[in-house]
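**Q** with the input below, show me the fold.
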Amino acid sequence: ERVFKELKLEGELEKADKIVIKLNLCGFRGWETGATSDPRFVRAVIDYLKKAAPGKPVYLAEADATNARASLLFRWLGFERLAKEAGARLLNLSEGEGVDVDVGYGPYERLRVSRALLDGSFIVNLAKLKTHIITYVTCSLKNVFGALYHWRKIDYHKRLDEAIVAANLAVRCGVHIVDGIIAHEGEKGPLYGRPVKLGVVVAGVEPASVDAVCARIAGFNPRRIR
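**A** Numbering: from 1, shown residues only. Predicted coordinates for the structure are as follows:
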């Protein structure tokens, strides 16, 4: 509630047709590892959104990845049950209609995203604070990359930094919230590192600024992260 009030986002919620919460479900790892979204944190966000924007549909969203399908992750990690209990809906961002968005950045002229992210949606980018073997950190910017329609995300890994920037040009979120209550550290991130209790939440409307703060918390110089 404090995040939305201080960033003056309640009016944006009122204007939206629907609210989409982009989760971080990158693999079959429980929330206690720090690698995936914590259902308790997600439930708190849903409860606030239901109160702040009554009557607006709330979706829990994730796209398919190279080694995991969103539908299985929803069920395996408990979000299918959570959505039912909290009155939210599930949204696979790799199914349904995809739209090619012109971005014209680096090697990526166009990227395909789910139409559900474009039509009257207020997107809450709910990321985790983690290290990453390629990009050093993975927070709000990288979580938006995970929303791309194409399921073989590994196809972007040769130019991953550029793909992350292009994804954030294609998908504009209303707010970025990074859950670092239980973060994830080590050179085997973002899935196989170590959980660490930090007890922090970083939020803002500008993802590069949010991630710069997260990088410093994780012990990195933001200027070293492409």
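**Q** show me the helices in this protein, by range?
**A** Per DSSP state H, the chain carries helices over the ranges 2-6, 10-15, 39-52, 70-76, 79-86, 140-145, 160-170, 207-217.
**Q** out of these, deepest packed?
**A** Between the helices of the chain, helix 140-145 has the highest mean count of neighbours, a mean of 26, where neighbours are mean count of other CB atoms under 10 Å. Every residue, glycine included, has its C-beta placed from N, CA and C.
**Q** re earlier: out of the helices of the chain, which gets nearest to Gly104?
**A** With CB to CB as the measure, helix 160-170 is the member of the helices of the chain nearest Gly104 (8.2 Å).
**Q** export the closest one as CSV, just CAs?
**A** Taking C-alpha atoms only, helix 160-170 is exported to CSV below (Å, rounded to 0.1, in the frame of the first residue of the first chain):
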residue,chain,number,x,y,z
LEU,A,160,21.1,-11.1,-23.5
ASP,A,161,21.8,-7.6,-22.3
GLU,A,162,20.5,-6.1,-25.5
ALA,A,163,17.4,-8.4,-25.3
ILE,A,164,16.7,-7.2,-21.8
VAL,A,165,16.7,-3.6,-22.9
ALA,A,166,14.6,-4.4,-25.9
ALA,A,167,12.0,-6.2,-23.8
ASN,A,168,11.7,-3.2,-21.6
LEU,A,169,11.1,-1.0,-24.6
ALA,A,170,8.3,-3.4,-25.7
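**Q** list the buried residues for stretch 22-38?
**A** Judged by neighbour count using 16 or more other CB atoms under 10 Å, the buried positions of stretch 22-38 are 22-27, 29, 31, 33-38.
**Q** so which of those sit within strands?
**A** Judged by DSSP state E, the subset of the buried residues of stretch 22-38 located in strands is Lys22.
**Q** in CSV: the buried residues of stretch 22-38, plus distance to Ile164 and pLDDT.
**A** Formatted as CSV, the buried residues of stretch 22-38 follow (distance: CB to CB, whole Å; pLDDT from 0 to 100):
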residue, distance to Ile164, pLDDT
Lys22, 14, 98
Leu23, 17, 98
Asn24, 14, 97
Leu25, 18, 96
Cys26, 14, 90
Gly27, 18, 92
Arg29, 21, 95
Trp31, 24, 97
Thr33, 23, 96
Gly34, 20, 97
Ala35, 18, 96
Thr36, 19, 97
Ser37, 19, 98
Asp38, 23, 98
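**Q** picking that back up, what would the helices of the chain look like in CSV with distance to Leu111 and mean pLDDT?
**A** CSV is the format used below for the helices of the chain (distance: least, CB to CB, whole Å; pLDDT from 0 to 100):
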stretch, distance to Leu111, mean pLDDT
helix 2-6, 28, 94
helix 10-15, 24, 95
helix 39-52, 26, 97
helix 70-76, 18, 97
helix 79-86, 25, 98
helix 140-145, 10, 98
helix 160-170, 5, 97
helix 207-217, 16, 98
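**Q** turn the ones you listed into JSON lines, including distance to Ile181.
**A** Listed next are the helices of the chain as JSON lines, based on distance: least, CB to CB, whole Å:
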{"stretch": "helix 2-6", "distance to Ile181": "14"}
{"stretch": "helix 10-15", "distance to Ile181": "23"}
{"stretch": "helix 39-52", "distance to Ile181": "7"}
{"stretch": "helix 70-76", "distance to Ile181": "20"}
{"stretch": "helix 79-86", "distance to Ile181": "17"}
{"stretch": "helix 140-145", "distance to Ile181": "16"}
{"stretch": "helix 160-170", "distance to Ile181": "24"}
{"stretch": "helix 207-217", "distance to Ile181": "12"}
